[in-house]
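*Asks:* Any chance you can model this:
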Amino acid sequence: MTLLLDAGALLALERGDLQATIRLKRERSHGSPPPTHGGIVGQVWRSGTRRPRLAMWLQATVVAHLDEELGRRSGALLARTGGSDVLDAALVLLACDGDTSLISDADDLALVAAAAGRQIDIIPV
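*Replies:* Next up is the predicted model:
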C-alpha cells in the first residue's frame, strides 16, 4: 500500500492537521515515501512566500514528473470519464490497486479511479 497526496493533503499537512500528519508519518515509518506529482506541487506552492512546513513535507515525498506521456494518459482517462481535472487523473495513474489517497475532492477522484480500473482507498482531508 502506498499513500498518495493531492493538493488538499499537502495543505492539510502544512496547516498541521493531526490525522494527515499521523498517516504520513506512519507511511514514512514503513520506508515508503508517498508520491505526488509536480502539478499538485504547483497547486499548493506560491512563489514569493515562505512555506517551511510545506517544504519539509515535500522533502518526505516522491514528486513524479507530470510530463507529456503522463499528460496524454491523463487526458485519455478524462475523456472516458467526462472529467476535467488532469491533476487528479495523473494522481490516479500513479496509483496501484490497494493504494490509499489523502485527498480533498474524494468524489472526483473516485470517479476517475473507477474509470482507470484502480481500487484506491480514498480518505478525505
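
*Asks:* where exactly do the strands run in the chain?
*Replies:* Applying DSSP state E to the chain gives strands spanning 3-5, 35-37, 62-64, 100-103, 121-124.

*Asks:* what is the mean pLDDT for the first one?
*Replies:* Rounded to a whole number, the mean pLDDT of strand 3-5 is 93.

*Asks:* And the third one, by the same measure?
*Replies:* Averaged across strand 62-64, the pLDDT comes to 95.

*Asks:* helices and strands around it, which ones?
*Replies:* For strand 62-64, the elements it packs on are strand 35-37, helix 38-44, judged by 3 or more CB pairs under 8 Å, 6 or more residues apart in numbering; DSSP states H and E. C-beta coordinates here come from the backbone N, C-alpha and C atoms, glycine included.

*Asks:* again, but for the first one
*Replies:* When contacts are defined as 3+ CB pairs under 8 Å, 6+ apart, strand 3-5 sits against helix 18-29, strand 35-37, strand 100-103.

*Asks:* List just the one of these that sits closest to Leu11.
*Replies:* helix 18-29 (9.1 Å; CB to CB).

*Asks:* Give me the contacts around the longest helix belonging to the chain.
*Replies:* Ordering each helix of the chain by length in residues (DSSP state H) puts helix 68-81 first. Outside helix 68-81, the residues that touch it by CB atoms under 8 Å, 6 or more residues apart in numbering are 37, 64, 84-86, 89-90, 92-93, 111-112, 115-116.

*Asks:* just to revisit the earlier point, output the helices and strands packed on strand 62-64 in JSON lines, with distance to Gly75, mean neighbour count and mean pLDDT appended to each entry.
*Replies:* Output for those, formatted as JSON lines (distance: least, CB to CB, whole Å; neighbours: other CB atoms under 10 Å; pLDDT from 0 to 100):
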{"stretch": "strand 35-37", "distance to Gly75": "14", "mean neighbour count": "24", "mean pLDDT": "95"}
{"stretch": "helix 38-44", "distance to Gly75": "13", "mean neighbour count": "18", "mean pLDDT": "94"}
